[in-house]
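Asker: How does the following fold in three dimensions:
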Amino acid sequence: MNLGWGAAWGLAKRGLDWRFKGLRLLLVCLVLGTAALSAIGTLTGAIEGELRTRGREMLGADVEFTLAARQPTSDERAAIAAMGDLSEGARLQAMATVPGAETRATPVELKAVDAKWPLYGRFTLADGKSVGPPQGLSAWIAPGVADRLDVKTGDRIQVGKAVLSVGGIIGSEPDRLAEGFSLGPTIIISKAALDASALVQPGSMVRTKLRVKLPVSADPVALGESIKAKYPLAGYEVRTREKASPSLDRFVSRMGQFLVLVALAALAIAGIGIGNGVNSYLEARRNSIATLKILGASSGDIARIFLLQLAAASALAILAGLAVGISVTPLLGQALKGLLPIEPGLVIDARALAIAAAYGALISLTFAAPPLVRARDFPAMALMRARVNPLASQWRAVLLPVGLGLAGIAALAILTAPQPLLAAGFLGGAALLFVLLTLLGKGLTALASRMPRPKGAIARMALANLHRPGAQTSALVVALGFGLASFVLLAGVQTSLDGNIVSRVPTRAPDYFVLDVPRDRMDAFEAVVKGAAPAADIRTVAALRGSIVAYGPANAMTRVADLKQIPDNAWPLRGDRGLTYSDALPEGNVLTQGTWWTQNYTGEPLVSVDDDLREVLGLKLGDRIAVSILGVERSAKIASFRQINWENMGFNYVLVFSPNAITDAPHNLAATISLPAQAKSPQVRRAILSGLVKALPSSSVVEIGPVLGQARAILAQMGTAILAAASVAILAGMAVLAGAIAAARERKTYDNTILRVLGASRRQLLILLLAEYGLLSALLAGVALLLGTGVAWGVIVLLFEFDWLPDWPRILGVLGGGVALVMGLAITGSVGLLRTRPAQVLREL
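Answerer: Numbering: from 1, shown residues only. Purely as a prediction, here's the structure:
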């Protein structure tokens, strides 16, 4: 007979119930995979949308020009102002105190703005009131300033020589995210208040920002490049609305790549689980399929009936997965608030949901094809005797539908991924890994058949179960390999992130950094510090700002302005850098090549370069480095390369010049203060801060403790986001493990029944089961360790450019926990099997 789709659906409905017995693994895997894809797609789309729509607001302009340690010339200002509406401001570190109570002092980030600020967005106070820039000697202060100085609206504070009135507490600052990492809470003042403070002196560490609101038709990138080309030595750092925060863009890009990898990993792992689930479902209905065939159902009828059942279950799972993905996105937004430009709340991205649904449908059909083809093509008698005479492989019949399905998945992934090459590479790697694990399973089967037979009956039977007819060794190897590797992946990522937080944010560091110490006021500086803490350790260096404008051989130098793209890891070429000079090799630095200049050197200007920059740019001894300082280009010959210990939180400079190279440029000094343990009391700290405010009002102090806390919080937040995403693979891995064991359990029913008839006890059958899974898990643990740590290394080192710092005992512990989970699932899934009565099973054969 030939059933139509209507009649087939009628029969299909009878085989389904609201509990979806037998299809729960398919539902779980498909819900997990679809939820991961929809949540990740929605989150990525929301972030990209925010970056597109809020680029102007985040930057506060269409294009921004930043200068270090100097004001723009009148010609430069006029050229920039001609582009559009200009707003000029400044950023610098400062100290804030309460007049008449100088012991109440705190380091702050001073932000001076003009009457046109903000060009885009709204600035609001903590009470929700929308206001403009502060006027005259009024100031908007961050909540941190109010807390530390114990002041409120209407009170007075002093910054430098200016006494300011607190006009309000900052609530929402539109351009805060693009400002990046701050070294203290913010105070926003007018340019008139900045002039009154007398903080800006020749050599001061001030950053001038010129922001422009362009006409609609103007191209910000082209205009930015035109200023850099017109004033190549000015040292302008240019940012546009498309890249309001380059560091944020880089992190978003890397996070996006990682999320794509996680989604594809969840997809691949879920596919294995779906295949196992469908296989187990159809195996349980083997007799029903054979009966339908005996009663006249054609192969096409069988395919339609069970395809409709699977389609109904898959559609429900996909809808549930989409609902879970939509509901999870606000939680992800809340977790990433402040780290990424996304507002917490419900987000529905139709494109992301459609792509996730398409993935779910494709993967369900693709991985369900092999068992469906087997059920369709085999004769009724072969299906009836499948338990005693396992069905032969039908790989030729499966090749076309599976191949088309995989091609569709690959095409969808590559065409919709933000990084098509990354998606293609991952899918290729996943396919290769699947093939390798399959070959490993077949190799283990062949090896088990050739191994000497153990003397013990249980061990002999456990070994035989790996290669007997119908053995599921290959399927178990693939499932257990992927599942255990996901555990190792998460442990490797987590422990390496923890290690980076510990190593990159040191527990020991100077207590204070002091900026803009006048060279002729060092005696007063030391008197204040030593007066409050006689045993304090003070280190000082010359502090200048400049940008690298050229590098390479003297006769063929590469101009940074001519580079289409800054090389990876060549961050010193981006914007201005701290520069210094010294007669001696800086503490904590080690020469790797060349020699240091002598004391009081007066020859050709020399420079010592960070060894990491040498490797990135291909520099050699004798090459030259040209920098722009206050708009003047200075060149020096490379005399040595140094290995820098960036973790000591001291003065570390990529470029250290001989004194005769740059000492004539206007500059101040920077200092670190390290207090002995007995001098870290609040009284000593207040004495140092208040003393420096009185003696050196133009200097600014940075407290390291809050800065380290902020750095730890940011890294911890990044780690949480990465781990939350990676945990999706863990959930999928657990589902796959459970499904693989459930699928194998169905095939063990007949074997256990025969053994029970022959006199085996439940205890012996349980030991046999544990021996089989224990042997497989032990063999695959090593494979999972290599696979999981390899992928974790790629995520940490290649994607996020962190150091690979795994905690091997914890990784091995997690792997051991994964093996224990496999054994636990094996025991739990076999309880019902051991309770099955042999007579009942034999009657159903």
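
Asker: going forward, measure contacts between C-alpha atoms and count neighbours the same way
Answerer: Fine.

Asker: Quick check: closest non-adjacent residue to residue 89.
Answerer: Counting by C-alpha to C-alpha, 6 or more residues apart in numbering, residue 113 is the residue found nearest to residue 89 once chain neighbours are left out, at 4.4 Å.

Asker: what sits against the one you found?
Answerer: With contacts defined as C-alpha atoms under 8 Å, 6 or more residues apart in numbering, the neighbours of residue 113 are 87, 88, 89, 90, 133, 188, 189, 190, 191.

Asker: One more pass at 10 Å, please.
Answerer: Listed by C-alpha atoms under 10 Å, 6 or more residues apart in numbering, the contact set of residue 113 reads 87-91, 133-135, 188-194, 209.

Asker: ok, which pair from those residues is furthest apart?
Answerer: Greatest spacing in the contacts of residue 113, by C-alpha to C-alpha: 135 and 209 (19.0 Å).

Asker: Settle it for me: which of these two has more neighbours?
Answerer: residue 209 (23 against 17; other C-alpha atoms under 10 Å).

Asker: which is the next helix or strand following the helix or strand encompassing the more buried one?
Answerer: Taking DSSP states H and E as the definition, residue 209 sits inside strand 207-213. Per DSSP H and E, the first helix or strand lying C-terminal to strand 207-213 is helix 220-230.

Asker: Tell me the buried residues in that next one?
Answerer: Across helix 220-230, burial judged by 16 or more other C-alpha atoms under 10 Å covers 220, 221, 223, 224, 227, 228.

Asker: now stretch 662-679
Answerer: In terms of neighbour count (16+ other C-alpha under 10 Å), stretch 662-679 has its buried residues at 662, 667, 668, 669, 670, 671, 672, 673, 674, 675, 679.

Asker: Now for residue 546: which residues touch it?
Answerer: Applying C-alpha under 10 Å, 6+ apart, we find residue 546 in contact with 67-69, 234-236, 575-580, 626-634.

Asker: I'd like the mean pLDDT over stretch 515-531, please.
Answerer: Computed over stretch 515-531, the mean pLDDT rounds to 89.

Asker: Endpoints of it, how far apart?
Answerer: 20 Å (C-alpha to C-alpha, to the nearest Å).

Asker: And for stretch 215-222?
Answerer: Length of stretch 215-222, first residue to last, C-alpha to C-alpha: 13 Å.

Asker: Equivalent analysis for stretch 675-682, please.
Answerer: 12 Å.

Asker: Just the mean pLDDT for stretch 448-458, thanks.
Answerer: Averaged across stretch 448-458, pLDDT comes to 78.

Asker: Next, the residues that contact that stretch from outside, please.
Answerer: 442-444, 459-468, 764-765, 767-769, 771-772.

Asker: Of those, grab the buried ones for ChimeraX.
Answerer: Typed into ChimeraX, the line below selects the buried ones among the contacts of stretch 448-458, using 16+ other C-alpha under 10 Å:
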select :442,444,459,461,462,463,464,465,466,467,765,768,769,771,772
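
Asker: rewinding a little: tell me which other helices or strands the strand holding residue 209 touches.
Answerer: Judged by 3 or more C-alpha pairs under 10 Å, 6 or more residues apart in numbering; DSSP states H and E, the packing partners of strand 207-213 are strand 63-68, helix 74-81, strand 85-98, strand 101-113, strand 237-240.

Asker: next one: it to chain centre, how far?
Answerer: How far strand 207-213 lies from its chain's middle: 31 Å, per C-alpha atoms, centre = their mean, to the nearest Å.

Asker: So what are the sheet partners of it and their directions?
Answerer: Strand pairing for strand 207-213, determined by DSSP bridges: strand 63-68 (antiparallel), strand 85-98 (antiparallel).

Asker: among the ones you listed, which is nearest residue 780?
Answerer: Nearest to residue 780, of all these, is strand 63-68, at 55.3 Å by C-alpha to C-alpha.

Asker: Can you check what angle separates that closest one from helix 220-230?
Answerer: Put simply, strand 63-68 runs at 40 degrees to helix 220-230, going by axes from the mean of the first three to the mean of the last three C-alpha atoms, to 10 degrees.

Asker: between strand 63-68 and helix 74-81, how big is the angle?
Answerer: Orientation check (the same axes, to 10 degrees): strand 63-68 against helix 74-81 gives 160 degrees.

Asker: ok so, going back, could you pick out the buried ones from the contacts of residue 546?
Answerer: For the contacts of residue 546, buried by 16+ other C-alpha under 10 Å: 67-69, 234-236, 575-580, 626-631, 633-634.

Asker: when you check these against the strands, which ones overlap?
Answerer: Among the buried ones among the contacts of residue 546, the members falling in strands are 67, 68, 577, 578, 579, 580, 626, 627, 628, 629, 633, 634 (criterion: DSSP state E).

Asker: re the thing from before, reformat the buried residues of stretch 662-679 as TSV; add pLDDT, distance to residue 39 and secondary structure.
Answerer: Output for the buried residues of stretch 662-679, formatted as TSV (pLDDT from 0 to 100; distance: C-alpha to C-alpha, whole Å; DSSP: H, G, I helix; E, B strand; the rest coil):
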residue	pLDDT	distance to residue 39	secondary structure
662	91	54	helix
667	88	51	coil
668	88	51	strand
669	90	50	strand
670	88	47	strand
671	89	48	strand
672	86	46	strand
673	87	48	strand
674	86	47	strand
675	86	49	coil
679	81	51	helix
